[in-house]
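S.K.: pasting a predicted model and its sequence here:
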Amino acid sequence: MAELRHTFTDDEAGNPTVAVVPEEQHFVLSNLPPRPAQKRLALGIVLSLLAALYLVTGPFGGMQWGAIHSFVAVYTTAMFVTDSITAILLYAQFSILRSRAILVIASGYLFTALLIVPYVLAFPGVLAPHGVVGGLQTTAHLYLLWHCGFPLFVIGYALSKDEDPGRQIPQGRVGTAIFRSVVFTAAGATAAAYLCVKGQAPLPRIMLDQYRFVPEWPWVVGAPVALLCISALVVLWIRRRSILDLFLMVVLCAYLIEIPPHYYPAPARFSTGWYAVRVTSLISSSIVLVVLLYEITALYGGLLSAVLGQRREREARLMTGDAVAATVAHEVRQPLTAIVTTADAGLRFLDRSMPNLDRAKEAFKRIAADGHRAGAVIESIRANFRKDDRTRTSLDVNELIQEVLTLERGNLQKHHILVQAAPARQLPEVRGNRVQLQQVLLNLITNAIDAMAAMDEPRVLCVKSEPYEGHGVVVSIADTGTGISPQHIDRLFNPLFTTKSDGMGMGLSICRAIIEAHEGRLWASPNTPRGAIFQFTLHANSSASVGA
């Protein structure tokens with residue numbers, strides 16, 4: 001069952017009412033309330049048609065032009081095409097919404113399209129001197145039925161708009177409903193055309209000859225058309241809610257505008273007014289078609305945006321998953337590697353003729369410490385994604401640096417790297433997550449070691465801490481390694497970007513995220529004469545005392 005949504009509208013007295021509307025109708029532009037800009041556009045179309053028509057017929061209305069039968073053929077063909085396409089699009093919309101109102105107005109456009117066929121066949125001079133079918137009154141009678149029939153369909157559409165959603169045509173019977181509508185509409189149009197062609201229609205005489213109208217034309221043609229159009233406008237005005245309603249009112253206004261120039265000041269075919277009215281009719285028949293085409297374009301654009309949005313969301317989720325996996329792998333790899341290395345060393349201490357128990361105990365203690373550090377790293381990653389501030393405490397930056405250098409002592413000795421630690425003596429304490437800031441220092445120092453491992457000596461790692469702008473701390477890690485390529489400097493902190501053959505591209509991205517979460521800043525610059533310098537800032541803990 002379709003989901004229902006409540007829409008607030010106003011009744012005839014201006015009181016708010018609640019209409020239950022199927023959820024899918026809120027995505028169809030021709031069923032959405034018109035915006036002020038669309039109302040101004042509709043009014044502008046009506047005024048433009050009125051001004052253009054009467055500016056032409058005013059000074060030139062009495063002029064009688066030659067009979068251009070090719071114009072009639074082109075005009076009627078264009079009318080048939082536009083009305084047929086409009087009917088098809090409305091039927092397609094009905095297949096989605098299953099609203100009887102849409103089915104009625106689609107039948108109305110089909111009815112006008114079908115009546116155009118006998119109209120052009122009967123028009124004198126277009127296909128034959130006296131028309132292929134019918135007699136003198138046939139085209140005039142068909143025109144009258146055409147312009148009276150469409151307002152009747154509009155009235156039926158307006159009266160069907162407030163249908164109970166529970167009485168909508170079932171989805172399985174949509175095709176049958178469309179088929180019946182086409183059959184009944186075609187049968188009605190055929191019956192009307194037959195009566196007009198055979199001259200048996202109970203309609204008054206409209207033509208004096210092939211060119212001139214009877215003096216009673218305003219009463220026998222103009223008055224019925226005007227009365228039905230005004231009635232349809234009133235019903236639509238009372239029940240108007242949608243963009244489609246608004247532009248159907250524009251079409252009916254165009255029908256009304258066309259009536260006077262037909263007869264005044266020249267009551268004959270092929271006058272200036274007659275030609276101008278045909279052009280206006282062609283424009284008015286295209287209005288709803290343009291609205292529906294705009295609707296299709298807008299819906300297609302919305303669908304494309306939705307698809308692209310889903311694709312971006314899916315890619316973002318995949319990227320997030322990759323980032324989490326890479327983060328875990330990157331951060332846990334260091335303590336796991338230390339655990340494996342220390343375990344191998346402990347086994348060697350035990351696997352001797354005289355086991356070195358003291359060294360083995362020390363190795364096991366380090367394994368336990370690295371195990372706890374791995375657990376702390378995982379919890380730190382979770383806290384980083386949660387952005388939890390509760391685990392932050394007051395920290396001594398120099399103490400953090402010494403802890404990390406101690407952890408990396410074996411790696412530094414292995415690569416014969418000289419460490420120059422230059423801690424400032426009077427540094428304010430900072431507030432932060434100890435494990436996260438340890439990870440930042442570990443990542444930066446490990447990267448420096450990797451950068452210097454392939455270089456010749458001297459290999460020097462310089463770690464400094466200094467006051468920063470009077471209320472913070474700046475930490476610098478400088479190396480004499482391979483340095484940073486100028487084309488990589490802007491991408492250095494991007495996720496998944498790496499210059500290492502076995503790198504994951506997450507270390508520096510994570511470091512920057514941690515520092516920024518601590519309201520600091522991390523950046524890199526070249527070292528002199530070679531290598532790179534990474535620096536980050538941290539805010540001082542205002543409640544802590546200045547450390548020694």
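M.R.: That came in fine, so what should we check first? What you see is a predicted model; the values in this text were computed from it and never measured.

S.K.: from here on, just use CA atoms for contacts and neighbour counts.
M.R.: Will do.

S.K.: so who does I68 touch?
M.R.: Neighbouring residues of I68 by Cα atoms under 8 Å, 6 or more residues apart in numbering: F270.

S.K.: how about the helices in the stretch 351-500 of the chain?
M.R.: Applying DSSP state H, counting those that start in this stretch to the stretch 351-500 of the chain gives helices spanning 357-386, 397-407, 409-414, 434-453.

S.K.: count the neighbours of R352 for me.
M.R.: 9 (other Cα atoms under 10 Å).

S.K.: circling back to that earlier point, tell me which of the helices of the stretch 351-500 of the chain sits most buried.
M.R.: Of the helices of the stretch 351-500 of the chain, the one with the most neighbours on average (mean count of other Cα atoms under 10 Å) is helix 434-453, at a mean of 20.

S.K.: how many neighbours does S509 have?
M.R.: Neighbour count for S509, taken as other Cα under 10 Å: 18.

S.K.: any idea how far it lies from Q38?
M.R.: Relative to Q38, S509 is positioned 49 Å away (Cα to Cα, to the nearest Å).

S.K.: and what of H539?
M.R.: On the measure of Cα to Cα, H539 and Q38 end up 55 Å apart.

S.K.: between these two, who's got more neighbours?
M.R.: H539 (21 against 14).

S.K.: where's that one, which helix or strand?
M.R.: Assigning secondary structure by DSSP states H and E places H539 in strand 532-539.

S.K.: do F94 as well
M.R.: Following DSSP H and E, the helix or strand that holds F94 is helix 69-97.

S.K.: one more: P34?
M.R.: Applying DSSP H and E, one finds P34 in no helix or strand.

S.K.: contacting residues for it?
M.R.: Shown in contact with P34 (Cα under 8 Å, 6+ apart): R241, S242, I243, L246.

S.K.: ok, the last one - how many residues close by?
M.R.: This points to L246. Neighbour count for L246, taken as other Cα under 10 Å: 22.

S.K.: equivalent analysis for A128, please.
M.R.: A count of neighbours around A128, defined by other Cα under 10 Å, yields 12.

S.K.: what of L121?
M.R.: Using other Cα under 10 Å, L121 has 20 neighbouring residues.

S.K.: hang on, it packs against G135?
M.R.: No: L121 lies out of contact with G135 (Cα atoms under 8 Å); the separation is 10.8 Å.

S.K.: in a markdown table: the contacts of P34, plus pLDDT and distance to Y300.
M.R.: Shown next, in a markdown table, are the contacts of P34 (pLDDT from 0 to 100; distance: Cα to Cα, whole Å):
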| residue | pLDDT | distance to Y300 |
| --- | --- | --- |
| R241 | 79 | 23 |
| S242 | 87 | 20 |
| I243 | 88 | 18 |
| L246 | 91 | 22 |
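
S.K.: low-confidence ranges, the stretch 201-350 of the chain, go.
M.R.: Scanning the stretch 201-350 of the chain for pLDDT under 70 picks out 201, 306, 309-310, 312-333.

S.K.: if we use 50, what do you get?
M.R.: Within the stretch 201-350 of the chain, the ranges that satisfy pLDDT under 50 run 316.

S.K.: as a markdown table, the helices of the stretch 351-500 of the chain with mean pLDDT and distance to H130 would be great.
M.R.: Output for the helices of the stretch 351-500 of the chain, formatted as a markdown table (pLDDT from 0 to 100; distance: least, Cα to Cα, whole Å):
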| stretch | mean pLDDT | distance to H130 |
| --- | --- | --- |
| helix 357-386 | 71 | 85 |
| helix 397-407 | 86 | 104 |
| helix 409-414 | 82 | 106 |
| helix 434-453 | 86 | 95 |
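
S.K.: mind putting those helices into JSON lines with distance to S465?
M.R.: Shown next, in JSON lines, are the helices of the stretch 351-500 of the chain (distance: least, Cα to Cα, whole Å):
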{"stretch": "helix 357-386", "distance to S465": "24"}
{"stretch": "helix 397-407", "distance to S465": "7"}
{"stretch": "helix 409-414", "distance to S465": "19"}
{"stretch": "helix 434-453", "distance to S465": "12"}
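
S.K.: could you check how far L55 is from T272?
M.R.: Look at L55 and T272: by Cα to Cα, they are 11 Å apart.

S.K.: these two - which one has more neighbours?
M.R.: T272 (24 against 12).

S.K.: and that one, how far from Y75?
M.R.: Using Cα to Cα, T272 is found at 15 Å from Y75.

S.K.: and the strand holding H539, what's its mean pLDDT?
M.R.: The average pLDDT for strand 532-539 rounds to 90.

S.K.: alpha carbons only: can I get it in PDB?
M.R.: The C-alpha trace of strand 532-539 is given here as PDB (Å, rounded to 0.1, in the frame of the first residue of the first chain):
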ATOM      1  CA  ALA A 532      62.300  17.000   6.700                       C
ATOM      2  CA  ILE A 533      60.900  18.700   9.800                       C
ATOM      3  CA  PHE A 534      57.400  17.900  11.200                       C
ATOM      4  CA  GLN A 535      56.000  20.200  13.800                       C
ATOM      5  CA  PHE A 536      52.800  20.300  15.700                       C
ATOM      6  CA  THR A 537      51.300  22.600  18.300                       C
ATOM      7  CA  LEU A 538      49.300  21.900  21.400                       C
ATOM      8  CA  HIS A 539      47.400  24.300  23.700                       C
END
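
S.K.: pairing partners for it, with directions?
M.R.: Within its sheet, and counting by DSSP bridges, strand 532-539 is paired with strand 472-478 (antiparallel), strand 522-526 (antiparallel).

S.K.: need the ones you listed in a markdown table (columns: mean neighbour count, mean pLDDT and distance to P204).
M.R.: Shown next, in a markdown table, are those (neighbours: other Cα atoms under 10 Å; pLDDT from 0 to 100; distance: least, Cα to Cα, whole Å):
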| stretch | mean neighbour count | mean pLDDT | distance to P204 |
| --- | --- | --- | --- |
| strand 472-478 | 21 | 91 | 98 |
| strand 522-526 | 17 | 89 | 91 |
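
S.K.: my guess is A113 contacts T86. True?
M.R.: No: when contacts are counted by Cα under 8 Å, A113 is not listed as touching T86 (9.6 Å).

S.K.: what's the following helix or strand after whichever strand or helix holds V154?
M.R.: Using DSSP H and E, the element containing V154 is helix 138-159. Going down the chain from helix 138-159, the next helix or strand is helix 174-197, by DSSP H and E.

S.K.: can you check what angle separates that following helix from helix 69-97?
M.R.: With axes from the mean of the first three to the mean of the last three Cα atoms, to 10 degrees defining the directions, helix 174-197 sits at 150 degrees from helix 69-97.

S.K.: list the buried ones in helix 174-197?
M.R.: By 16 or more other Cα atoms under 10 Å, the buried positions in helix 174-197 come out as 174, 177-178, 181-182, 185-186, 189-190, 192-197.
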